[in-house]
Structures are given as C-alpha cells and as structure tokens.
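Trainee: sequence and computational prediction follow.
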Amino acid sequence: MTASIRNFEQGLQLCWWILLAVVIAVVVFIRIHLLAIPLERDEGEYAYAGQLMLQGIPPYQLAYNMKFPGVYAAYALIMWIFGQTSIGIHIGLLIVNVANIVIVFLIARRLIGLIAGIAAAASYTILSASPSVLGLAAHATHFVMLPTLLGALVLLKPVLTKKMVFVSGIFFGAGLLMKQPAIFFICFGATYLLFRDWRARLTFRQTLLRNALFITASVLPLAGTAFWLWRAGVLAKFWFWTVLYAREYAGVIPISQGSRLFFEQVWTVIGFGWPLWALAALGVAASFLDKAMRNAAFFILTFIAFSGLALSSGFLFRNHYFIFVLPAICLLVGVATASASNFCSRLARPLSFLPLAIFVVCSRVALSGQLPLLSQRPSDAVRMIYGANPFSEAVRVAEYLQGHTNPTDTIAILGSEPEIYFYAHRHSATGYIYTYALMEPQRYAVQMQREMMREIEAARPKYLVFVAVTTSWLKHSNSATEIFDWFDRYSAADFRLDGLVNIVSQERTDYYLPLLVDPRSIRLSEYYLLIYKRKT
C-alpha cells in the first residue's frame, strides 16, 4: 500500500472516529442534563425492590411482580454505589448504556470491520436514548442487553474453547434473570453455536456436548436464584408471579391482534430515527447481495429474528420493548454502511466519503427528536415524554408522606406508582405495588383484589393514596371492580381526606398538601391524586 493510499485510509477512519465521538458526546450530554429526571413507574418498581434488598428484604416478600429479580439486584448494586436517588439510578443507566455501545461496536467490528463497528455504535447511541423507546429511563431491557451482548461477543471469539462456551452461556443466563423474554436470546446463542460448530466440521457428539454445556450454563443463574429465593422463604410467591400469573399475562392479547398492535406501535417507535431504520433495511439486502457481508449474515439475521421474538412476547409491543431489537438493527446499519463504503471505494477512492456524509445526515435527523430535551428541565422533560402520568407529582407526594410518617409506618397506594414508596423510604402496606394485574381479564384478578384488600386492612397504613389517573390502572370494560367499592367503604370509615394533587394541564399542577380548603371548592381535572390519613 502506497503512502498516499495509506494516508487517505487513515484520514477516512479519523473522520468516522470523529463522527462517533461527536454522537456519543451529544447523547451523553443529554443524559447528564437529565440525570435528575423523575423516575417513571417501572423504574419506581425496580428502585423500591432494590431498596428493599439493600434492607435485607428479598424480592417478592413485600413487592410483587412477574419479572425475574435480576434487575432488582442490578438496581440495588447501582444504588449501593451511587445512592438511592433518581440521579444515582440514571448514572447507573448511563454506564450500562455506554457499555452496550462499546460491545455493539466490538461485535460489528469483529463481524465486518471498523466502519461497520463505528456506524453500529453511533446508531445504537442515538436510538437507545430516543424518547420513542423511552430510552432515558432505566428499563429492564437495557439490563437484558448488557449480558446478552457480552455473551454474543464471546461466541465470536476466533477460538471458542469449552470454557468460553460456558462463559457465554453464563452471560446469556444473566440476561434471562433480568426479564423472561431473554429466553429467546439464549435460543439465539444455542442456534449460532450449533451453526459455528457445524461450519467447523466438529463431530455430532462434540457439537451436542458443547451445546449442552452452553444451555446448562445459561440455566445456572436462574437455578441459583431460585435456590436463594427458596432459602429466603419466597419461592412460592416467585413461582406464582413469574410463572403462573406471567402465563396468564402473556395470554391476555390474542395472537390474531398481534400484527395490528405491532404496526400501530412501530411507526411511533421509529419516529425521527427513520433514516437509521431505513439503512437497516438496506443492510438486510446487503447481507444477501454483498459477498463480503455473507460471513456475518447468519449471525446478524438470526440475531434479528430472535430479537423480534423477544419483542413479540405477549404481543404488547410497548415502546421500551423495542430496545430488544436495537442492537440487531444497528448491526444491520453497520452492514449497509460498510457495504456502501466498499462499493464506493471500488468506483473511486474519493467516493468513500459519500457513505460517511450520508450517515452524518441520517444521524442528524435521528438526533432531532432528542435535541429539544436540552432546553427542558427534568420535570418538564418527563411531562413532555410521558404526558399526564404523575411522575413529577410523585416526588412531592412522597416528600409529604415522609414528613408526616415515622419510618415504621406503612402507606398504601391504590394505583401503579411504586416510585412513591421509593422516594418516601416507606414500606407498602401491600405487596401489590401495581394495580394493572387487578384490572386485566385474567383468572387471578378477583383473587388478587381480595388479597390486596386483606393486606391493607391487616397492615393498618397511616396513609392511603388513590391515583385517579387512567394509565395508573388501565381499566378494561370487563375489569372486576370489587376493589373500588371496597376502597369507598374503607376510606370513608377509617380515613379522612388530607391532601389533593390536581394535574390541571401539561404546564400546571395544583398541590394541596395539606388540604386546607373545602375540597368541594376545587374543580377536579381528569387526572388527580387523593391522599387520605388514618383518623386514629
């Protein structure tokens, strides 16, 4: 290679590196600017469960949910290091996100090359922080992808010993601990290992033993967790919530509605990031048409297929579930970009800058949905992203409850706002920190409502909070309503109205903490919270 060609290649690579540095700097700056953004309800669940773990209380004892407990442990670790605040939690998310970016880069570089690695990493940086996938919140999907991507990276080692197969399985199993849909990533790992061993012409016995080793390793984290929960005395609750109820939850949406719900949601998720998704679509074509990309094609196309299965679990297609498919989408962006760069360099060396220029434009368009967040305060940003959900209001309500209770007092929230328990540093009077399950058309709904009522009555909470916000209940036309009738009787008999939070509009919330005026003089909006104090 002559000096001029070498200098040209180095200059081109430098430009790609600068682009990646700029993209990461912009997105990291946005994340740092919004570190104090109030927790949303899923974050509140993980934070409260993690807070309980730091107090020595195991999962499923005082907080019920169908998710595996890995994300609770991850939150507990983050809060142990960075503090029990929204800032500490979002610092942890920033570190996890940067780690995921680095691993996406390493996978794409190993599969295809440097330019593909940079394009994939830059794409993931932008898309994983997008409000369209609720990327600023520390959802379990971010934590699923970190060990999953590590496991995938290990599978790409040039020499894959049995020890490395075992390590890869452990990583994939750690991903499963974060959320059940990660089972499909384990299936991906086993499929790719099978393909790789077949390509290496290993014997049937060797291939079978290596796959058995991988699957065994992937099961060990969950098996160890189940043993720990058994020792802690909560295995029965774990089984009910993560298996029995989770099976009911997965069957709420019929398969016949799956495609309709997907296409209703996917356009919202793509949003401003459409140029990068379009490049990913071109990457699918390049995987088949470009001979230089065919060695990577099986890994990437299999990865996108199993990522799609993880996304489709339960056919709910919530925004943050799409984080499951983002690494594979970004690898396809890397394929398209590298293929275009190779093609242009063969035509004329200066044309190698054309894919770079196109990628710059695509990145700028994709970032346009996030740049307005730089001018927003954290409390305004959460309203812009989540609408009338009472996430900012939860902070003020929790401060009031903390100031008017003792550490040994319990509180009960009728609604799905577990972040209030976390902020207030108070235990819930019931393990039902979400009320979604109570409203779903599933066989355990009435049983759950009655158990929640009994737990609250037995705990005698000092305060009740009723959340009159549609998205905190997701009531269906055929939902059981026994709990509402019970609440009317219970609150009237033993409690008095002590506070009110009225979400008047996107820009204004009126706080009556404590309530010093006649509540009949207040014109309630569509969304409000009522705070009741025990009479005696």
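Mentor: Yes, it's here.
Trainee: residue contacts, the residue nearest the centre of the chain?
Mentor: In the chain, the centroid-proximal residue (C-alpha atoms, centre = their mean) is residue 139; its distance is 2.7 Å. Residue 139 makes contacts with 42, 43, 320, 323, as judged by C-beta atoms under 8 Å, 6 or more residues apart in numbering. Quick note: C-beta positions are derived from backbone N, CA and C, even for glycine.
Trainee: grab the CA positions of stretch 51-69 and hand them over as PDB.
Mentor: In PDB, the C-alpha atoms belonging to stretch 51-69 read as follows (Å, rounded to 0.1, in the frame of the first residue of the first chain):
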ATOM      1  CA  GLN A  51     -34.200  -0.500  48.200                       C
ATOM      2  CA  LEU A  52     -35.800  -3.400  50.000                       C
ATOM      3  CA  MET A  53     -32.900  -5.700  49.000                       C
ATOM      4  CA  LEU A  54     -30.500  -3.200  50.500                       C
ATOM      5  CA  GLN A  55     -32.500  -3.500  53.700                       C
ATOM      6  CA  GLY A  56     -32.200  -7.300  53.600                       C
ATOM      7  CA  ILE A  57     -35.700  -8.000  52.400                       C
ATOM      8  CA  PRO A  58     -35.800 -10.500  49.500                       C
ATOM      9  CA  PRO A  59     -37.800  -9.900  46.300                       C
ATOM     10  CA  TYR A  60     -41.500 -11.000  46.300                       C
ATOM     11  CA  GLN A  61     -41.800 -10.600  50.100                       C
ATOM     12  CA  LEU A  62     -43.100  -7.100  50.200                       C
ATOM     13  CA  ALA A  63     -43.400  -6.200  46.500                       C
ATOM     14  CA  TYR A  64     -45.000  -8.500  43.900                       C
ATOM     15  CA  ASN A  65     -44.400  -8.500  40.200                       C
ATOM     16  CA  MET A  66     -44.000 -11.100  37.400                       C
ATOM     17  CA  LYS A  67     -40.400 -10.000  36.400                       C
ATOM     18  CA  PHE A  68     -37.400 -12.100  37.300                       C
ATOM     19  CA  PRO A  69     -35.300 -10.400  40.100                       C
END
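Trainee: quick one: buried residues of that stretch?
Mentor: The neighbour-count check on stretch 51-69 (16 or more other C-beta atoms under 10 Å) flags 51-53, 57-69 as buried.
Trainee: could you do stretch 27-38 as well?
Mentor: Applying 16+ other C-beta under 10 Å to stretch 27-38 flags 27, 28, 30, 31, 33, 34, 35, 37, 38 as buried.
Trainee: quick check: end-to-end length of stretch 452-469?
Mentor: With C-alpha to C-alpha, to the nearest Å as the measure, stretch 452-469 spans 19 Å from end to end.
Trainee: for that stretch, which positions count as buried?
Mentor: Buried residues in stretch 452-469 (16+ other C-beta under 10 Å): 452-453, 455-456, 459, 461-469.
Trainee: ok, stretch 325-340 next?
Mentor: Across stretch 325-340, burial judged by 16+ other C-beta under 10 Å covers 325-340.
Trainee: next: stretch 249-259.
Mentor: Buried residues in stretch 249-259, defined by neighbour count with 16+ other C-beta under 10 Å: 249, 250.
Trainee: how about the strands in the chain?
Mentor: Assigned by DSSP state E, the strands in the chain fall at 410-414, 427-428, 463-468, 495-503, 509-512, 527-534.
Trainee: looking at the ones you listed, which is buried most?
Mentor: strand 410-414 (a mean of 25; mean count of other C-beta atoms under 10 Å).
Trainee: pLDDT averaged over that strand - what is it?
Mentor: Average pLDDT, strand 410-414: 97.
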